[in-house]
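1. coordinates for the following, if possible.
(one chain, ligands or ions: 1)
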Amino acid sequence: MHTNPRTLGEFIIKNQAAFPYSSGELSSLINAIRLAAKVVNHEVNKAGLVDILGAIGATNIQGEKQQKLDVFANEKFIQALGNREIVCGIVSEEEDGFITLNSDDEKNQNKYVVLIDPLDGSSNIDVNISVGTVFSIYRRISPVGSPVQLEDFLQAGRDQVAAGYVIYGTSTMLVYSTGEGVNGFTLNPAIGSFYLSHPEMKFPENGSIYSVNEGNYEYFPEGVKKYIKYCQKKEEDRPYSSRYVGSLVSDFHRNMIKGGIYMYPNSEIANDGKLRLLYECNPMAYIAEQAGGKAIDGRQRILDIQPSELHQRVPFFCGSKNMVEKLEEFI
Ligand SMILES: O=P(O)(O)OC[C@H]1O[C@](O)(COP(=O)(O)O)[C@@H](O)[C@@H]1O
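-> Predicted coordinates for the structure are as follows:
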């Protein structure tokens, strides 16, 4: 642990020259995420004491029961991102269509779109297990000065200019990349500042943890079943440990630190898997690759998939490079 770690603000200023576009824009984007993360963290931490647990009785476009914290987090991130002269449109797991931010002339000058899963792992909120927020940022491709278009959101993951996640766990961390590696910042709740606690995070090439909902095992493709059996076989450095929190951000974060693979395969009960390409798989794949890991859908690199719909799902296999390559041998 650094003796006097740099704050997130200092880190952004020190590294903004590396950002391919105007540096001020990057700090404004990350500062918006930082602010909303603190507000959501405050609510998450006192969930159980205030009326923030449980469902609101509505379902989102995915057909999922919206939790009160889903809606709260959605509002806070849209507010924070919308209040800056930088974002022209947002896609959220909790919103059916894309949000055009005040399509008056002034806002049409804004150059970035943000795609977000405001509260990932929401099925874990009520049982006090760590949850997260996932975000993906692109430069718009439609002309500046015109209203944001669907095409601005359906860009391939390799074109992200920044991506990351917030994990609300034993501590609250913001982990992100702008294409120059991955850095993790821990929130000091007493001061309310994020500090650089995990510089240059790297996925170990090998690992001994596999994360998958084995309750669906019977319905997985043969190759995935064989890989899971390979992980469980008493041979060489195996069996690996099975660890599955049911929060993508938490499982991914653990595996990035310790070495491991996360899998949400397609199956007979979920033809395209469960996870959403635009605001779950693309940002996590971007972080994984920036940290030396690998992310595929079973056939191709996640970041090369050309999106066709805002809430499309894809099979997701992500983690330590050698573990994903071993899985590829089986599928
Ligand atoms: O309960 P399952 O089917 O294993 O799904 C768990 C997965 O779904 C997720 O909760 C995603 O869904 P939400 O964003 O709706 O929470 C992931 O965080 C997690 O890895």
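
2. going by C-alpha atoms from here, please, whenever you check contacts or count neighbours.
-> Fine.

3. next secondary structure element downstream of the lowest-mean-pLDDT helix or strand in the chain?
-> For the chain, using mean pLDDT, DSSP states H and E, the weakest element among its helices and strands is helix 105-108, scoring a mean of 60. Next helix or strand after helix 105-108 toward the C-terminus (DSSP states H and E): strand 112-120.

4. interface residues of the stretch 151-300 of the chain facing the ligand?
-> Taking C-alpha under 6 Å from any ligand atom, the part of the stretch 151-300 of the chain that reaches the ligand is made up of 213, 246-248, 275.

5. tell me how far stretch 189-201 lies from the chain's centre.
-> 18 Å (C-alpha atoms, centre = their mean, to the nearest Å).

6. return the set of buried residues in that stretch.
-> For stretch 189-201, the neighbour count (16 or more other C-alpha atoms under 10 Å) marks 194-198, 201 as buried.

7. what do you get for stretch 154-171?
-> Buried-residue list, stretch 154-171, by 16+ other C-alpha under 10 Å: 155-158, 160-169.

8. average model confidence for that stretch?
-> Averaging pLDDT along stretch 154-171 gives 97.

9. compute the first-to-last residue distance for it.
-> One end of stretch 154-171 sits 33 Å from the other (C-alpha to C-alpha, to the nearest Å).

10. same question, stretch 56-68
-> 5 Å.

11. so what touches that stretch?
-> 52-55, 93-96, 122, 311 (C-alpha atoms under 8 Å, 6 or more residues apart in numbering).

12. those residues also near the ligand: which ones?
-> residue 122.

13. hang on, residue 203 packs against residue 257?
-> Yes: assessed by C-alpha atoms under 8 Å, residue 203 is found in contact with residue 257 at 6.5 Å.

14. for those two, indicate the residue with more neighbours.
-> residue 203 (24 against 14; other C-alpha atoms under 10 Å).

15. A helix includes that one, no?
-> No: counting by DSSP: H, G, I helix; E, B strand; the rest coil, residue 203 falls outside a helix, being coil.

16. so what's it closest to, chain neighbours aside?
-> residue 256 (4.7 Å; C-alpha to C-alpha, 6 or more residues apart in numbering).

17. looks like that neighbour contacts residue 320 (just checking).
-> Yes: contact criterion C-alpha under 8 Å: residue 256 and residue 320 qualify, at 7.4 Å.

18. list the buried residues in the host helix or strand of residue 13.
-> Using DSSP H and E, residue 13 maps to helix 8-15. Residues 8-9, 11-12 are the ones in helix 8-15 that count as buried (16+ other C-alpha under 10 Å).

19. min pLDDT across these, which one?
-> Lowest confidence among those: residue 12, with 88.

20. list the contacts of that residue.
-> residue 27.

21. near residue 80, how many other residues are there?
-> Other residues close to residue 80 by other C-alpha under 10 Å number 18.

22. how many neighbours does the closest residue in space to it that isn't next to it in sequence have?
-> With sequence-adjacent residues excluded and distances taken as C-alpha to C-alpha, 6+ apart, residue 80 is closest to residue 32, at 5.2 Å. Residues near residue 32, counting by other C-alpha under 10 Å, number 20.

23. figure out the length between the terminal residues of stretch 260-274.
-> End to end - C-alpha to C-alpha - stretch 260-274 spans 20 Å.

24. if we can go back for a sec, report the contact partners of the residue nearest to residue 203.
-> Residue 256 neighbours (C-alpha under 8 Å, 6+ apart): 201-204, 288, 319-320.

25. which element follows the helix holding residue 13 toward the C-terminus?
-> Past helix 8-15, the next helix or strand by DSSP H and E is helix 23-45.
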